[in-house]
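S.K.: predicted coordinates and the sequence they were generated for:
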Protein chains: 2
Amino acid sequence: MEPVYVAGVGMTRFGVLDDSITELAEKAAVEAMRDSNSIEHKFDYVIVGSQDPEEFTGQGHLSTVLADRLGIVPAGATRVETGPSAGSSAFEEAVALVGAGLASLVLVIGVEKMSGVDRGAASRIIAKMVSLESEARYGATPAALAALVARRYMHDYGLTRDDLSLIPVKAHKNGAKNPLAHFQNEVTVEKVNAGRIVSDPLTLYDCSPTSDGAAALVVASEEAVAVLESQNESVRVLGIGHATDYHAVQHRLSLTSLRATVVAAESAFRMARVKPKDLDVCELHDAFSILELIDMEDIGLAKPGRAIELVKSGTSQVDGRIPVNTTGGLKARGHPTGATGVAQIRDTVLQLRGSAPKGLQVRDAEIGLTHNIGGFGNNMVVSILRRR
Amino acid sequence: MEPVYVAGVGMTRFGVLDDSITELAEKAAVEAMRDSNSIEHKFDYVIVGSQDPEEFTGQGHLSTVLADRLGIVPAGATRVETGPSAGSSAFEEAVALVGAGLASLVLVIGVEKMSGVDRGAASRIIAKMVSLESEARYGATPAALAALVARRYMHDYGLTRDDLSLIPVKAHKNGAKNPLAHFQNEVTVEKVNAGRIVSDPLTLYDCSPTSDGAAALVVASEEAVAVLESQNESVRVLGIGHATDYHAVQHRLSLTSLRATVVAAESAFRMARVKPKDLDVCELHDAFSILELIDMEDIGLAKPGRAIELVKSGTSQVDGRIPVNTTGGLKARGHPTGATGVAQIRDTVLQLRGSAPKGLQVRDAEIGLTHNIGGFGNNMVVSILRRR
């Protein structure tokens, strides 16, 4: 594969926002173009990650609309969808296009506008990603499945409610320092424990919110990076892995390990020629708090059932040995589904450049990993980036 | 780019069918796997092209569902959407993945199940691809826009209603010999002329139908092709081009030439190192009859306004110098939107292998081109294939 770089990044605030889906996408894209000094260059493609703009917003043909609105016609324009990992899947297509030599400069936009429909409608749209035959017809929402997983994890490994609450506490602590986060307030273990029960044992604070937002990347070949003469350092894409698992949770081998993460991470590490111990910073898909622990184990940061020790010891804090979700993660940064995977890359690029927000910068970060989940634990994309 | 091949093809009948979207996709996919002798091999990815399965069928997360149903978990699974060119855009992603060396064996599925909703609902879903600001709010459906284009073409070039009717007559003549076509009946110029007016001057016979159906491809690296030991010849991907135009028709430079086709075709020809005169067979996107003429001119088969001469002289017939839409095209083969681009590739592969249906085989076809339109004339993918 030809060398591939992330030359520019952009992101809107995540939250319940007034902007339309196209306004959000444009803001993030223009920032990424400015950041990479590419605004007057010719883009070969725009690849858009979005879960369901037709139903959330009534806007179809989104990639074409954005190519036009951004003034990059006749660039090829494609939308990519893998549920809530649509953003990192869009990044993957951009990496493939540049890696194959089919493109030199690709704009990647991850975007979702979820608050334009009421909560019931949003839940119905999101529920289309779980299995109709085995899950949806029995009322098994993503939160209910996460609760099942949490209960099993607690049973198998002795995790307590107080332990689990440390995850949202860390997320909110980091989110409070992230000016683009959906939630910018700290919470306590007591507050998490006492939150409204969404699906026992998970409370409101164990669940990522319904957010609006967009993030964008300029993905470039080595030649294009040289031509751009950007002030900001570009970051090398070292590895990318993508794997699925059986659609319905009941068909999987385990409730407490997500095999698709294991496979995707192994592919990404193999391609990148690095190991979990080489990582300096991670953005993991904590749509529900229990997933952060499982993700840490599945990518190889801890043995099964032991991730909580890294949380308790401070190892996964910003100043720890392997900081996880320094941005607040999906829980506090927010989770506009199609935008999340792109935001994870953007935030990791900032870490590797040394320009993360005040109080969130990891010391001397060289290698970062992002992990994005598609449906409930079944369509994962893992990316590994390295400072040049 | 690494060499990329189409090693296997499959397709369901197109039409109003009883099968569900997953059943259609599975049938085409299993046929492509069998055709390439790959059914027991490990797929790295499945890439699914589909315009709007959530709204047409209520099924979300389609790529994951299909990876599971087809027994190819943990293959990475992605859905790609560019409106009605979703199928060829899925093919494009597969080409990029193999071309970059990120994958050796990729299953591409194009599928749409449109008849499960009533015609009004289908029209509303499809209409989400035209510009809300400039078109949809004034009632400008795709058919209305095509009528506008046809009127202008008639005005500029003196095309008559009888001339235009030759296109559906040829489509139905070919479709009648294609066992998988939606329509398998011949029609006359008189019948086309006398058809119900959909949008003046276009009659029912100028417009492609609303179809269900699926097509599939096995896309493979050179190494994988060697390992498969398929009985059937694989076909080389010589070139691929993808380009957009302004979303709203009113913002474009011309009504009678689609600039995105010109740009996409130029890219594909440049990459393939062939010229329009080298083509032996073409599948062009004739969602409306007038588009077949415009497409022929835009890819370089005829000068502006002159494509009708190739129709009248028989040049674009199966036994002519440059046969166009030997399968019946979108008009007669049918147009399940996300499936169309993949069906075009599948049908071209059959031509290059010399195994097209009886009466439709082009003599000694070596190089074929497919052209697939996204929205109304704004998101085009052109592919060029060559017999090995």
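M.R.: Nice, I can see it.
S.K.: buried stuff in the lowest-mean-pLDDT helix or strand in chain A?
M.R.: Across the helices and strands of chain A, mean pLDDT, DSSP states H and E gives its lowest value to helix A:119-127, namely a mean of 90. Within helix A:119-127, the residues that count as buried by 16 or more other C-beta atoms under 10 Å in any protein chain shown are A:122, A:125-127. Every residue, glycine included, has its C-beta placed from N, CA and C.
S.K.: residues of the stretch 201-350 of chain A that sit close to chain B?
M.R.: Residues of the stretch 201-350 of chain A lying close to chain B by C-beta under 8 Å from any C-beta of the partner chain are A:240-247, A:251, A:259-260, A:263-264.
S.K.: repeat that with 6 Å
M.R.: With the criterion set to C-beta under 6 Å from any C-beta of the partner chain, the stretch 201-350 of chain A comes near chain B through A:242-244, A:246-247, A:260, A:263.
S.K.: what about those residues, which are in strands?
M.R.: A:242-244 (DSSP state E).
S.K.: and of those, the nearest to chain B?
M.R.: Nearest to chain B among these is residue A:242, at 3.1 Å by C-beta to the nearest C-beta.
S.K.: contacting residues around the closest one?
M.R.: Listed by C-beta atoms under 6 Å, 6 or more residues apart in numbering or on different chains, the contact set of residue A:242 reads A:264, A:381, B:76.
S.K.: I'd guessed the first one sits against residue A:382; true?
M.R.: Yes. The pair residue A:264 and residue A:382 qualifies as a contact (C-beta atoms under 6 Å) at a distance of 4.4 Å.
S.K.: shared neighbours of these two, anything?
M.R.: With C-beta under 6 Å, 6+ apart as the test, residue A:264 and residue A:382 both reach residue A:241.
S.K.: now stretch A:263-277: how far from the chain's centre is it?
M.R.: 18 Å (C-alpha atoms, centre = their mean, to the nearest Å).
S.K.: give me the contact list for it.
M.R.: Stretch A:263-277 has contacts (C-beta under 6 Å, 6+ apart) with A:238-243, A:299-301, A:367, A:380, A:382, A:384, B:74.
S.K.: with only the CA atoms kept, save it in CSV.
M.R.: What follows is stretch A:263-277 as a C-alpha-only set of coordinates in CSV (Å, rounded to 0.1, in the frame of the first residue of the first chain):
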residue,chain,number,x,y,z
VAL,A,263,-10.0,-9.7,15.0
ALA,A,264,-10.0,-6.1,13.8
ALA,A,265,-7.3,-5.1,16.4
GLU,A,266,-5.1,-8.0,15.4
SER,A,267,-5.3,-7.0,11.7
ALA,A,268,-4.5,-3.4,12.6
PHE,A,269,-1.6,-4.3,14.8
ARG,A,270,-0.2,-6.7,12.2
MET,A,271,-0.4,-4.1,9.5
ALA,A,272,1.1,-1.4,11.8
ARG,A,273,3.8,-3.7,13.1
VAL,A,274,3.2,-2.5,16.6
LYS,A,275,1.9,-4.2,19.8
PRO,A,276,-0.6,-3.1,22.4
LYS,A,277,2.2,-2.1,24.7
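S.K.: now that stretch: buried residues?
M.R.: Those would be A:263-269, A:271-272, A:274, for stretch A:263-277 by 16+ other C-beta under 10 Å.
S.K.: among those residues, which are in strands?
M.R.: Among these, no member lies in strands (by DSSP E).
S.K.: how near is residue A:40 to residue A:220?
M.R.: 14 Å (C-beta to C-beta, to the nearest Å).
S.K.: appreciated, that's everything.
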